[in-house]
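Colleague: Generate coordinates for the sequence data below:
(one chain, ligands or ions: 2)
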Amino acid sequence: MPRMRAVQVLHAKGPFQQVEREIPEPNAGAVRIKVQACGICHSDEYAKEGSRPGITYPRIPGHEIAGVIDAVGAGVQGWEVGQRAGVGWHGGHCGYCDSCRRGDFVTCSKARQITGLTCDGGYTEYMLISAAAVAAIPDEISATDAAPLFCAGVTTFNALRNSGARPGDAVAILGLGGLGHLGVQFAAKMGFETIAIARGKEKEPFAKKLGAKHYLDSESHNVAAELEKLGGARVILSTVTSGKAVNALLGGMGINGKTVLVGNPDQPLEITGRLLIAGRRSISGWPSGSPIDSQDTLDFCALTGVRPMTEVFPLERAPEAYDRMLSGKARFRAVLSTGL
Ligand SMILES: NC(=O)c1ccc[n+]([C@@H]2O[C@H](COP(=O)([O-])OP(=O)(O)OC[C@H]3O[C@@H](n4cnc5c(N)ncnc54)[C@H](OP(=O)(O)O)[C@@H]3O)[C@@H](O)[C@H]2O)c1
Ligand SMILES: [Zn+2]
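Modeller: Ligands and ions are numbered 1, 2, ... in the order given. Now for the predicted structure:
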């Protein structure tokens, strides 16, 4: 039996382990992807720490996957061996619950799979996934650039395009990590007056290069007051893991302003009713996207030149790459390459 290399988490809070496994065969409705690259998302922490219900072990993490379709199961239509394709957080849906029947696969309530959490993900050479969960990769985009677009990319692209902001509106992106650095590029290409906000002066040149018109250092500025001076943000897209950082910015929403959380804050938000009511302000959240949203994201990137900035590591250095992401040192997305 041909074998493959993979990196798995043995149990919640356990170490990463490099293992060899048999290359799996796809069941009906599934495809096998020869993984070329897999981004390391902060949400891989859920698989590593077991900090979300429904995760079983051992588990191969990873939900920013780019590669080539290598085998197709019975009954799969529309996908062929040799096609470049990838997978994100959304790993499959039932197709018959009320949400799916409305075309809202992301809130499927019956049999939703989450790649790298409830089924194995992309820290490996080969993986199986529902054919309904894959999206095609345009020729212009390399595998290592495509991979982060399947989560960091689609999440920020989709949140922004559904935020209600219109070209010319002031849009602030809070955080300049894996999600944030793509959010800044998308906001600029969508025609928003883009304000990047992150900790420290050293990220300013990156932010400007990525298309930000303004940069606010949250360590040396009262960022809410600075946003107010700019007229208030129509949308704040928060990509950070810190509730304190979000709370410090909420007062910077303009009239009709909206804060959209994509980053998961580590503490509850604090906001007065008066701030929301008086200026018709709101706070909402946005969960990644469906496979067709990923397809739209990749097509938009092919069209506009948006690309992630990556640090590429061979698959076997996954633990080091993961630590680099966790420490906030990656510029800006650590990506594993299998060399296939
Ligand atoms: N909604 C979704 O579907 C979705 C999808 C993917 C990820 N996520 C979530 O989005 C978040 C970001 O993911 P990522 O992969 O972009 O992570 P990342 O690359 O590790 O970036 C983390 C970000 O959090 C900020 N941060 C961390 N600690 C902070 C602190 N103490 N104070 C202020 N800011 C702090 C950093 O800000 P600086 O830039 O200022 O250093 C950085 O921008 C995570 O919570 C992840 O789980 C959500
Ligand atoms: Zn992710």
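Colleague: and residue 166, what element?
Modeller: Counting by DSSP states H and E, no helix or strand carries residue 166.
Colleague: mind giving me the domain split of this structure?
Modeller: 3-151+288-337, 163-285 (automatic domain parsing).
Colleague: Give me the nearest residue to residue 247, chain neighbours excluded.
Modeller: Once flanking residues are discounted, residue 247 sits nearest to residue 270: 5.2 Å by C-beta to C-beta, 6 or more residues apart in numbering. (Glycine included, C-beta is placed from N, CA and C.)
Colleague: from memory that neighbour sits against residue 248, does it?
Modeller: No: taking contacts as C-beta atoms under 8 Å, residue 270 lies outside contact range of residue 248: 10.1 Å.
Colleague: Quick check on these two: which one has the bigger neighbour count.
Modeller: residue 248 (17 against 10; other C-beta atoms under 10 Å).
Colleague: buried sites along stretch 125-142?
Modeller: 125-137, 141 (16 or more other C-beta atoms under 10 Å).
Colleague: quick revisit: any idea which of the domains of the chain gets closest to ligand 2?
Modeller: domain 3-151+288-337 (3.0 Å; C-beta to the ion).
Colleague: So that closest one, near ligand 2 or not?
Modeller: Yes: residues of domain 3-151+288-337 contacting ligand 2 under C-beta under 5 Å from the ion: 41, 43, 151.
Colleague: Between the two ends of that domain, how far is it?
Modeller: In domain 3-151+288-337, first residue to last residue: 18 Å (C-alpha to C-alpha, to the nearest Å).
Colleague: who's in contact with whatever helix or strand residue 147 lives in?
Modeller: Take DSSP H and E as the rule and residue 147 turns out to sit in helix 143-148. By C-beta atoms under 8 Å, 6 or more residues apart in numbering, the list of residues contacting helix 143-148 from outside reads 36-39, 41, 64-67, 84, 86, 122, 137, 178, 182, 298, 307-308, 310, 312, 333, 335, 337.
Colleague: and these, which are buried?
Modeller: Buried among the contacts of helix 143-148 by 16+ other C-beta under 10 Å: 36-39, 41, 64-67, 84, 86, 122, 137, 178, 182, 298, 307-308, 310, 333, 335, 337.
Colleague: Tell me which of those fall in helices.
Modeller: Using DSSP state H, the members of the buried ones among the contacts of helix 143-148 that fall in helices are 178, 182, 298.
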